[in-house]
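Participant: I would like to see how this sequence folds:
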Amino acid sequence: MAQPIGNLKKAVMISAELQGAEATLTTLTKHLTYQEATLRIPPNYVTHVAQDHRQPYGTGNGNVIVRSLSKQGRLQEALHRLNQMTYQGIISVEPDTYASVLKSCINEKSLPEGKLVHAQIIHRGLKPSTFLGNALVIMYTKCGNLADARSVLDQMPVHNVVSWTALISAYAKHGHNEEALAMFYEMKRKGTQPNEFTFVGTLSACANMGFRVLRHGKEIHEEIKRTGCEVNVFLGSALVDMYVKGGCIEDARDVFDKMHDRDPVLWNTMIAGYARIGNIEEAKELFERMPERNVVSWTTMIAGYAQHGQIGEALKLFRKMPERNVVSWNAMIAGYGRSGLVDEASKLFKKMPERNVVSWTTMITGYLQNGLVDEALNLFVEMPERDVVAWNAMIAGYAQNGHVDKALKLFKEMPEKNVAAWNAMIAGYAQNGYYEAALELFQHMRREGVKLNLETFASVLSACANSAALEQGMEIHEDIIRSGLQVDAFVGNALVDMYAKCGTLENARKLFDRMPGQDVVSWTAMIGGYAMHGFGNEALQLFEQMQCSGMKADHVTFVAVLSACCHAGLVEDGWRYFNSISRDYQITPIMEHYCCMVDLMGRAGLLHEAQDFINKMPIEPDAAVWASMLAACRIQTNIDLGEYAAERLFELEPKNATPYVLLSNLYAAAGRWDGIEKVRKLMKDRKVKKKPGCSWIEVNKQLYTFLVGDKSHPQTQEILVELERLSGQMKEEGYLPDTKYALNDLEEEQKEDILFYHSEKLAIAFGLINTTPGTPIRIVKNLRVCGDCHSATKIISKIAAREIVVRDTHRYHRFKDGQCSCGDYW
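Facilitator: Numbers count the residues shown, from 1 in each chain. As a prediction, this is how the structure comes out:
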């Protein structure tokens, strides 16, 4: 089979025929493994070499010449001499000579030439000694070919610590962290004791995997202590980095404080650790104590300030820097972008003395974070060179700003997609409610053979969670287990969230309890799961456990706690926890906390107290606060306060349909058909479109969508027949359609027909005729479930002997035996 001849530099004093044969062999090694290249050496190659006798030399002289050429970086000439020595068969090639050429291959990152040397060794029938085997392993790892490095290591008759350490370090460097850790334990099982370099490589892998392998990192630290291995600056930095990324800042500081010899890398690692968790004061204290600061030290502090909203301090430090590099400028631009100061970011970007691809991507990300999609696209088009990170930033940014179609267009246009691009597109679909598309793209990704990572699983689990696709979520959970990937906090939390949002709190709690290192997100997800299901007391009990564990609650945790109080009507508890946010936890209450309190009081009928609370808020109430007030007025049928809240919402969000619908519901509950007509006219004049009711149900691992009044489904006739059958039985049980939820001034019979086609009723009927009797039915709705559907579903659960779980935009309703878990308090 003919192979193209590579474009190699013509070596000095090499005959034309010999050069052609060598070039052919080198070209082969570019496309094949070294074993395959050996089998396909040109048959006339040895003859060509043997005929080139124009410069005879002795054994020692030949080895010396090759080593000398290699040290001078004259790789092609060294290879030519080595070829002559190898294939004449007269001269013995010493292991040091092969090693010197392999080292030259490393220096020039010349993998094909390295394979050529290896192929020659095999062709001679040599079995590499430990020394030569190590040289080959190191060459392959330095040139990024880890598969061949592992193959060489497996074939070596004897290994030493150098063999193992080279591959462990390479695995860690290239992100194969699980393999690095597994090899460390394999090395020990086979009787080789690690040295300081082995420890550094393995700890680096542990650091890359974060808290999920913290136990292994601590075990390695204990082994270092037992063996008496000196903790020098390199090993100390690896330990500090492992503890920092594993979330154990105190342990990191303990290692740091015990070290006598500290270089800037160690100081920077410790400073970055404090900055990462938001302890800027400790980071600043260390920065000021540093005996010698480098540009990384300054940049680390700038990034720390910027990431935590202290952009003024970041700018002061940036201006004081004795010398700035491109990373410093990028850190400042990123800080401005995150702080919403996109104009300042743009000015700084334009002033940069030099820009790299990260600079462009950082500025693009800044625009996207602030909703300036057109500006981001213009800059993306202007980029002198685009890497995959820039493409991914645009895709993620488009999706985050709701432009899913544009994100998909870019995704399809990408010249080369990596796993991060697929992840960004799946996450974009999930974030924007395109759950079916997210799940379909995930399956497409699998068919394309893209290697899935933990971020992939976390993104697709979000789609399963939000669409209550339990069957697919469980299948993905099994995929994670089969993949052998070490589940980190991100994916563990996504699994807990998925099971909770799919209505299986038992599974969520089992996973939560088994997690090796729950973080604040884990606790918050579980508390929020209980809250959504109306289990307020269980949520509060878990919060108390969280406090006893020493885990510090954050502002999101308190949103979950206050939501639990809302759904369970725990007014006194709600006030107690709200007051403790600033008093006991030194957290400034955010808008979501105020919103929960308005919701809590409103549901409990304390509308005037809620109004007074809003009037006394230290921050200007946003649309969510007024929407909570309006929803409460609808529940309590308070027209005056409801109209006032609606007016505030119309001012804040004139194009949002939700307040118009809530006000219509309020008028309908009071029988004010004139009010409903007024709202309709207002919507028409302002060109506001109501979002249609939509419900999802998963059957046999496939999602089905139903809109209100939907007759497009292939099984429409069967669905309607089932609804008719249910309707007759429901009326026998005393069900009467609550026609005030029809929102139309029509005859009663017409109103009943409208209610008959609500999306959740269609989905329930579909589920009943397509699932096994006795199995639960799970439905997600994009709007708050109406009173009529709530009453109807209670009765259906009784006559069909099914548990029906419905998740609306506010909470979960578990219908069973004619009762709902909300106790009609929602």
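Participant: Any stretches of the stretch 701-826 of the chain with poor pLDDT?
Facilitator: Residues of the stretch 701-826 of the chain meeting the criterion pLDDT under 70: 739-755, 826.
Participant: same question, the stretch 551-700 of the chain
Facilitator: Residues of the stretch 551-700 of the chain meeting the criterion pLDDT under 70: none.
Participant: Which parts of it are strands?
Facilitator: In the stretch 551-700 of the chain, the segments counted as strands under DSSP state E, counting those that start in this stretch are 694-699.
Participant: swap in the chain?
Facilitator: 694-699, 702-707, 777-781, 804-807, 812-816, 819-820 (DSSP state E).
Participant: Low-confidence ranges, the stretch 401-550 of the chain, go.
Facilitator: Residues of the stretch 401-550 of the chain meeting the criterion pLDDT under 70: 486, 516-517.
Participant: Residue 814 versus residue 804, what's the distance?
Facilitator: When distance is defined by C-beta to C-beta, to the nearest Å, residue 804 is 8 Å away from residue 814. The C-beta positions use only the backbone N, C-alpha and C, and glycine is treated the same way.
Participant: So for the two, which residue has more residues nearby?
Facilitator: residue 804 (24 against 20; other C-beta atoms under 10 Å).
Participant: which residues touch the spatially closest residue to that one that is not a sequence neighbour?
Facilitator: Take residue 804 and drop its neighbours on the chain: the residue closest to it by C-beta to C-beta, 6 or more residues apart in numbering is residue 815, 4.3 Å away. The neighbourhood of residue 815, defined by C-beta atoms under 8 Å, 6 or more residues apart in numbering, consists of 793-794, 796-797, 803-806, 821.
Participant: Give me the buried subset of those residues.
Facilitator: Listed as buried from the contacts of residue 815 are 793-794, 796-797, 803-806, 821; burial here means 16 or more other C-beta atoms under 10 Å.
Participant: Pick the one among the contacts of residue 815 closest to residue 544.
Facilitator: Residue 544 lies nearest to residue 821 out of these, by C-beta to C-beta, at 22.4 Å.
Participant: Contact partners for the closest one?
Facilitator: If you count contacts by C-beta under 8 Å, 6+ apart, then residue 821 has 533-534, 812-815 around it.
Participant: how close does it get to residue 808?
Facilitator: To residue 808, residue 821 is 13 Å away according to C-beta to C-beta.
Participant: same check, this time on residue 724
Facilitator: When distances are taken as C-beta to C-beta, residue 724 and residue 808 turn out to be 25 Å apart.
Participant: Could you check which of the two is surrounded by more residues?
Facilitator: When neighbours are counted by other C-beta under 10 Å, residue 808 comes out ahead of the other of residue 724 and residue 808, with 20 against 11.
Participant: give the contact list for the more buried one.
Facilitator: Contacts for residue 808 were tallied using C-beta under 8 Å, 6+ apart; they are 781, 783-785.
Participant: Now neighbour count and distance to residue 62 too, for those, in a markdown table please.
Facilitator: Formatted as a markdown table, the contacts of residue 808 follow (neighbours: other C-beta atoms under 10 Å; distance: C-beta to C-beta, whole Å):
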| residue | neighbour count | distance to residue 62 |
| --- | --- | --- |
| 781 | 23 | 81 |
| 783 | 20 | 84 |
| 784 | 19 | 86 |
| 785 | 24 | 86 |
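Participant: Now distance to residue 228 too, for the residues you listed, in CSV please.
Facilitator: Converted to CSV, the contacts of residue 808 look like this (distance: C-beta to C-beta, whole Å):
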residue, distance to residue 228
781, 64
783, 67
784, 66
785, 67
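Participant: Identify each buried residue in stretch 543-550, please.
Facilitator: Taking 16+ other C-beta under 10 Å as the basis for neighbour counts, the residues of stretch 543-550 that come out buried are 543, 546.
Participant: gap between it and the chain center?
Facilitator: Using C-alpha atoms, centre = their mean, to the nearest Å, we find the averaged C-alpha position of stretch 543-550 to lie 27 Å away from the chain's own average C-alpha position.
Participant: which ones are touching the closest residue to residue 823 other than its chain neighbours?
Facilitator: Spatially, and ignoring its direct neighbours in sequence, residue 823 is nearest to residue 534 (7.6 Å; C-beta to C-beta, 6+ apart). With contacts taken as C-beta under 8 Å, 6+ apart, residue 534 has the following neighbours: 567-568, 811-812, 821-823, 825-826.
Participant: ok, so of these, who is nearest residue 68?
Facilitator: Within the set of those, residue 812 lies nearest residue 68; the separation is 76.8 Å, counting by C-beta to C-beta.
Participant: Beta-bridge partners for that closest one, please?
Facilitator: For residue 812, the beta-bridge partners are residue 807 (DSSP bridges).
Participant: OK, contacts around it?
Facilitator: 503, 532-534, 805-806, 821.
Participant: Tabulate those (a markdown table), appending distance to residue 93.
Facilitator: Converted to a markdown table, those look like this (distance: C-beta to C-beta, whole Å):
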| residue | distance to residue 93 |
| --- | --- |
| 503 | 70 |
| 532 | 72 |
| 533 | 74 |
| 534 | 78 |
| 805 | 73 |
| 806 | 77 |
| 821 | 79 |
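Participant: neighbours around the residue lying closest to residue 105 once chain neighbours are set aside, how many?
Facilitator: Counting by C-beta to C-beta, 6+ apart, residue 105 lies nearest to residue 114, which is 3.8 Å off, once chain neighbours are set aside. Here the number of neighbours of residue 114 (other C-beta under 10 Å) works out to 28.
Participant: Surely residue 114 touches residue 99?
Facilitator: No - contact between residue 114 and residue 99 fails when scored by C-beta atoms under 8 Å: they sit 11.5 Å apart.
Participant: pretty sure residue 268 is in contact with residue 297, am I right?
Facilitator: Yes - with contact taken as C-beta under 8 Å, residue 268 and residue 297 are classed as touching, separated by 5.4 Å.
Participant: So these two - more neighbours on which side?
Facilitator: Neighbours were counted for residue 268 and for residue 297 using other C-beta under 10 Å; residue 268 has more, 23 against 20.
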